[in-house]
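S.K.: sequence plus predicted model, see below.
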Amino acid sequence: MAVQAGPEVLTTGAVRTARLLVVTAVTAERDAVARGLTARVADGGDANAGLQHPLPGGLTALRLPLGDGGTADLLAAGVGPAAAAAGTAVALTAAAVAGEPYRLVVSAGIGGGFAPGAPVGSLVVADAIVAADLGAQTPEGFVPVTELGFGVVRHTPPAELVAGAARLTAAATGAVLTVSTVTGTADRARELTDRHPDALVEAMEGFGVAEAAAAHGVPVLELRAVSNPVGPRDRAAWRIGEALTALSEAFRSLVPLLESS
Ligand SMILES: O=C(O)c1cccc(C(=O)CC[C@H]2O[C@@H](n3cnc4c(=O)[nH]cnc43)[C@H](O)[C@@H]2O)c1
């Protein structure tokens, strides 16, 4: 996939515009993404400019125009990998059935950062989207499902998209872990970094989004703004507002890449 601005001209002479799906967990993250996209596309436009795009099952995406005539659908699918996979699959299937498939899916939101690579307020683009607790606990330690003979535990976004997104947003690149339980102790944080030395962020949705995207053969990216350190539970240390501002700025910067995807 080329990282370049502007719509792609097909050999038929038709113009293929961007069709983008961004999946967040909660509406605060979705609205942060919308503020970033509309600020760039409409030069100061507001996030409420989007249309409500109904999806099967009572879900609704916020549909925003991109500058190339394409659209970005923003879906707050819920917290955790199962809700993320279900919502993403609904949106992807509805689009495919309508003959307007998405060309890129982005999992986006806040996340916990592993020290020292991902401080609070920083951005991370996943070069690997990893299911960190999908497996079995044995007396010898954790065994991923792949070593038990089934499934996958890692999705790898296209390298040129990762590099382009990281360059435009000044983000670090590294593995983003998907967990079903937020880490709350130093021991658990160390266990995860021992198993995944390349991990920069922990969040709860990316692997679910990536599984649904893979089932549809659509490329996936994950972008996280760090709201808290991974480690001993400390709600007072969360900087959600700061992370949401960073998320908006990141999407503002990403528009040229998203419009070319
Ligand atoms: O209660 C806690 O101590 C606690 C600590 C961190 C995060 C939570 C959440 O419930 C947030 C879930 C939500 O936000 C993403 N997120 C943000 N930080 C983290 C994290 O450190 N580990 C995992 N997920 C995180 C996540 O993707 C969810 O959407 C509670």
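M.R.: That came in fine, so what should we check first?
S.K.: which residues of the chain lie near the ligand?
M.R.: Selection of the chain residues close to the ligand by Cβ under 6 Å from any ligand atom yields 25, 79, 109-112, 179, 182-184, 202-205, 227-228, 230, 233, 235. Just so you know, the C-beta spots here come from the backbone N, C-alpha and C atoms, and that holds for glycine as well.
S.K.: buried subset of those?
M.R.: Among the residues of the chain next to the ligand, those buried by neighbour count (16 or more other Cβ atoms under 10 Å) are 25, 79, 109-112, 179, 183, 202-205, 227-228, 230.
S.K.: how about the strands in the stretch 101-250 of the chain?
M.R.: Taking DSSP state E, counting those that start in this stretch as the test, the strands found in the stretch 101-250 of the chain are 104-113, 123-131, 135-138, 141-144, 154-155, 172-178, 199-203, 220-229.
S.K.: as CSV, those with mean pLDDT and distance to Asp31 would be great.
M.R.: As requested, those are exported to CSV (pLDDT from 0 to 100; distance: least, Cβ to Cβ, whole Å):
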stretch, mean pLDDT, distance to Asp31
strand 104-113, 98, 12
strand 123-131, 98, 18
strand 135-138, 97, 35
strand 141-144, 96, 35
strand 154-155, 98, 26
strand 172-178, 98, 22
strand 199-203, 98, 18
strand 220-229, 98, 14
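S.K.: output those strands as a markdown table; include the columns distance to Ala95.
M.R.: Output for those, formatted as a markdown table (distance: least, Cβ to Cβ, whole Å):
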| stretch | distance to Ala95 |
| --- | --- |
| strand 104-113 | 10 |
| strand 123-131 | 21 |
| strand 135-138 | 32 |
| strand 141-144 | 31 |
| strand 154-155 | 20 |
| strand 172-178 | 23 |
| strand 199-203 | 24 |
| strand 220-229 | 15 |
